[in-house]
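Enquirer: Sequence first, predicted coordinates after that:
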Amino acid sequence: MALFGLFKSKKESLDKGLEKTRESVFSKISRAVVGKSKVDDEVLDNLEEVLVTSDVGVDTTLKIISRIEQRVSKDKYVNADELNDILRDEIIALLEENKAGEVKNFEESLNKKPYVMMVVGVNGVGKTTTIGKLANQFNKAGKKVVIGAADTFRAAAVDQLIVWGDRAGVPVIHQKMGSDPASVAFDTVQSAKAQDADVVIIDTAGRLHNKAGLMGELTKIKRVMQKVIPDAPHEILLVLDGSTGQNAFEQAKQFIAATEVNALALTKLDGTAKGGVVIGISDQFKIPVKYIGVGEQIDDLQLFDRRAFVESLFNSKA
């Protein structure tokens, strides 16, 4: 019973978090097919507009439309329900190709000890909150976690992280404001190793105004951590604000150019109708979406489950 209750709670949280996107997409798709008895060029043109205005992105939209054209080239599907099914299947297939939603539980990816995560992203995207929620999830899974407050340029960043660390029951290694971020990262991994910790999460400064400076700083953090753990970091997680739509694409482009991002987290999906950005970013950058934020509570960070995500988007009864 407990397991069923947990699953139900997660599904309800996802459904509620995607409510604005679902309502927006469904109303647009309904208008795209109204009065039509078959999927013709006009329906496909309308559907293309729906996807683009839902922040899926032009390139990914064209790819999806092309797939649908191939599906309907032999048989003409006659109603909106069938078009919804085809669209859902093609989006799930696209996310599967990009390995989005591959991780099934929070412990699964921890193939090193300690497993070192370096978290990057601009200020305001929910980076600190994501770190706190991640720490909470790993801690609930029975893992020993240490956080490193290496964003030393904003006093608020360190203070917020300490608050989240307290909420999650996880220690936060920090120094005074203006300290060398690499020094904080070094202290953190050294402490984690000494404590036999399972997970290390390193926060970094969220600045994009000088890409060369950002790259140098992140490279230095990696280099000093590798003095303690030679293959660190094992994951570079880019946090993006899903509510910013196309701006999230631009941020992703810049951070991916600056460092070796290998996982994505999309936050604030509950406050926006722009949830389609998850599909486009996964497709365009070929980097798996690993986590999504669907609410403000400490448990509202979920592992991205591509099938559950798409089915929630297309579930008009949710």
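Expert: The structure has been received and is ready for your questions.

Enquirer: Assess the claim that K113 and D198 are in contact.
Expert: Yes - the criterion here is CB atoms under 8 Å, and K113 meets it with D198 at 5.9 Å. (C-beta placed from N, C-alpha, C; glycine too.)

Enquirer: between the two, which one's more packed in?
Expert: Just comparing K113 and D198: by other CB atoms under 10 Å the higher neighbour count belongs to D198, 20 against 15.

Enquirer: which regions of the stretch 151-300 of the chain sit below the pLDDT cut-off?
Expert: Applying pLDDT under 70 to the stretch 151-300 of the chain flags residues 208-212.

Enquirer: Where do the helices of it begin and end?
Expert: Under the criterion DSSP state H, counting those that start in this stretch, helices of the stretch 151-300 of the chain are mapped to 155-168, 181-194, 211-225, 246-258, 277-285.

Enquirer: Summarise which helices and strands the fourth one is packed against.
Expert: For helix 246-258, the contact count by 3 or more CB pairs under 8 Å, 6 or more residues apart in numbering; DSSP states H and E identifies helix 211-225, strand 235-241, helix 277-285 as packing neighbours.

Enquirer: I'd like to know which of these lies nearest to G35.
Expert: Ranking the helices and strands packed on helix 246-258 by proximity to G35 (CB to CB) places helix 277-285 first, at 27.4 Å.

Enquirer: Residues contacting the closest one, please?
Expert: Helix 277-285 is contacted from outside by 55-57, 59-61, 63, 91, 94-95, 98, 100, 240, 242, 245-246, 248-249, 252-253, 256, 264, 266, 269, 288-289, 292, 304, 309, using CB atoms under 8 Å, 6 or more residues apart in numbering.

Enquirer: got the phi/psi numbers for R154?
Expert: Per-residue torsions, R154: phi -120, psi 120 (degrees, to the nearest 10).

Enquirer: hmm, back to that, put together TSV for the helices of the stretch 151-300 of the chain, with mean neighbour count on each row.
Expert: Output for the helices of the stretch 151-300 of the chain, formatted as TSV (neighbours: other CB atoms under 10 Å):
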stretch	mean neighbour count
helix 155-168	18
helix 181-194	21
helix 211-225	17
helix 246-258	17
helix 277-285	25
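
Enquirer: Count residues in the vicinity of G169, would you?
Expert: Based on other CB under 10 Å, the number of other residues close to G169 is 11.

Enquirer: what about it, distance to D299?
Expert: According to CB to CB, to the nearest Å, G169 and D299 sit 14 Å apart.

Enquirer: Residues in a beta bridge with the spatially most central residue of the chain, which ones?
Expert: For the chain, A265 is the residue whose C-alpha lies nearest the centre (CA atoms, centre = their mean; 2.0 Å). Beta-bridge partners recorded for A265 (DSSP bridges): V239, Y291.

Enquirer: Dump the helices of the stretch 151-300 of the chain to JSON lines, plus distance to K16.
Expert: Shown next, in JSON lines, are the helices of the stretch 151-300 of the chain (distance: least, CB to CB, whole Å):
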{"stretch": "helix 155-168", "distance to K16": "22"}
{"stretch": "helix 181-194", "distance to K16": "35"}
{"stretch": "helix 211-225", "distance to K16": "35"}
{"stretch": "helix 246-258", "distance to K16": "21"}
{"stretch": "helix 277-285", "distance to K16": "16"}
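
Enquirer: Minimum distance to S73: which of the ones you listed has it?
Expert: helix 277-285 (22.3 Å).

Enquirer: ok, the closest residue to V277 other than its chain neighbours - contacts?
Expert: Distances taken as CB to CB, 6 or more residues apart in numbering place D55 nearest to V277, at 4.4 Å, with adjacent residues excluded. Counting by CB under 8 Å, 6+ apart, D55 makes contact with G245, Q246, K274, G275, G276, V277, G280.

Enquirer: In three-state terms, label the residue nearest to the second one when sequence neighbours are not counted for me.
Expert: In other words, Q246. Closest residue to Q246 apart from its sequence neighbours, by CB to CB, 6+ apart: D55 at 6.3 Å. At D55, secondary structure determined by DSSP: H, G, I helix; E, B strand; the rest coil is coil.

Enquirer: and D55, how far is that from V310?
Expert: The spacing between D55 and V310, counted by CB to CB, is 15 Å.

Enquirer: same thing with K176?
Expert: For K176 relative to V310 (CB to CB), the value is 46 Å.

Enquirer: what about those two, which has more around it?
Expert: Neighbour totals were compared for K176 and V310, and V310 leads with 23 against 8 (other CB under 10 Å).

Enquirer: May I see the helices and strands packed on helix 246-258 organised as CSV, with distance to F106 added?
Expert: Shown next, in CSV, are the helices and strands packed on helix 246-258 (distance: least, CB to CB, whole Å):
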stretch, distance to F106
helix 211-225, 22
strand 235-241, 12
helix 277-285, 19
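
Enquirer: re earlier: quick check on the residue nearest to Q246: phi, psi?
Expert: Dihedral angles for D55 - degrees, to the nearest 10 - are phi 70, psi 30.
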